[in-house]
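Visitor: Quick one: sequence and predicted model below, then my questions.
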Amino acid sequence: MKSIEQLKEALQQELNMYQQVLEMAKEKTQIIKQGRLKELEENTSKEQQYIRTMGTFEKIRRSIFTNISQELEIQEPSSVSELLLHLEEEEASHIDDIRNQLLEVIHRLEEINKLNEKLIYQSLEYVNFNIELMTTSHETSSHYGEKEAGNRKTVASLLDIKV
């Protein structure tokens, strides 16, 4: 059946795309650890392009589901799992293998994205801490151990604003 082959091809392409995004997420972890902001920006931009393309695959899959439901004269399935119940064992097995691989890649991607989120949060906390140190004015005396309050000077902060 042509629609089944189209589904297999679409799922395989989607799997390949998710694998590429997974590799980019792994690279992003290293980029974040090394503090390479320009590369982080470029990596994020590429990820956004992939995400837009992935939305297209969802539409394609829905269209294929509609065609399969008409060919098999069944109600349109809401998921790949539901569709598998209506297919021959060999076709169902092949599609299920691709689906399982896809789910595993998505799971690993979620884990890496959580790690990246934590790393970015820690980096932001570090930056905020340093900004606080630089913008806080400190009172220091001009001479060590001098008790006279009139001789104290206030050190102006390096930066007067917090971004």
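Guide: Good, I have the coordinates. Numbers count the residues shown, from 1 in each chain.
Visitor: ok, the residue nearest the centre of the chain to residue 100 distance?
Guide: With distances taken as Cα atoms, centre = their mean, residue 113 lies nearest the centre of the chain, 4.6 Å away. Separation of residue 113 from residue 100 (Cβ to Cβ, to the nearest Å): 20 Å. For every residue, glycine as well, the C-beta is placed using N, CA and C.
Visitor: Equivalent analysis for residue 12, please.
Guide: For residue 12, the distance to residue 100 - Cβ to Cβ - is 13 Å.
Visitor: of the two, who's got more company?
Guide: residue 12 (15 against 10; other Cβ atoms under 10 Å).
Visitor: Just confirm the more buried one is within a helix.
Guide: Yes. The assignment for residue 12 is a helix, going by DSSP: H, G, I helix; E, B strand; the rest coil.
Visitor: list the helices and strands the lengthiest helix in the chain packs on?
Guide: Determined from DSSP state H, the single longest helix within the chain is helix 89-135. Helices and strands touching helix 89-135, as assessed by 3 or more Cβ pairs under 8 Å, 6 or more residues apart in numbering; DSSP states H and E, comprise helix 2-34, helix 80-84.
Visitor: how big is the angle separating it from helix 2-34?
Guide: Calculated by axes from the mean of the first three to the mean of the last three Cα atoms, to 10 degrees, helix 89-135 forms an angle of 20 degrees with helix 2-34.
Visitor: what about helix 89-135, average pLDDT?
Guide: Helix 89-135 shows a mean pLDDT of 92.
Visitor: want to try TSV for the helices and strands packed on helix 89-135, with distance to residue 121 and mean pLDDT as columns?
Guide: Listed next are the helices and strands packed on helix 89-135 as TSV, based on distance: least, Cβ to Cβ, whole Å; pLDDT from 0 to 100:
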stretch	distance to residue 121	mean pLDDT
helix 2-34	10	94
helix 80-84	34	91
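Visitor: Of the ones you listed, give the one that comes closest to residue 93.
Guide: helix 80-84 (8.7 Å; Cβ to Cβ).
Visitor: mind listing what's buried in the closest one?
Guide: Applying a neighbour-count criterion of 16 or more other Cβ atoms under 10 Å, one finds 80, 83, 84 buried in helix 80-84.
Visitor: Just send the helices and strands packed on helix 89-135 back as JSON lines, with distance to residue 109 too.
Guide: Listed next are the helices and strands packed on helix 89-135 as JSON lines, based on distance: least, Cβ to Cβ, whole Å:
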{"stretch": "helix 2-34", "distance to residue 109": "5"}
{"stretch": "helix 80-84", "distance to residue 109": "18"}
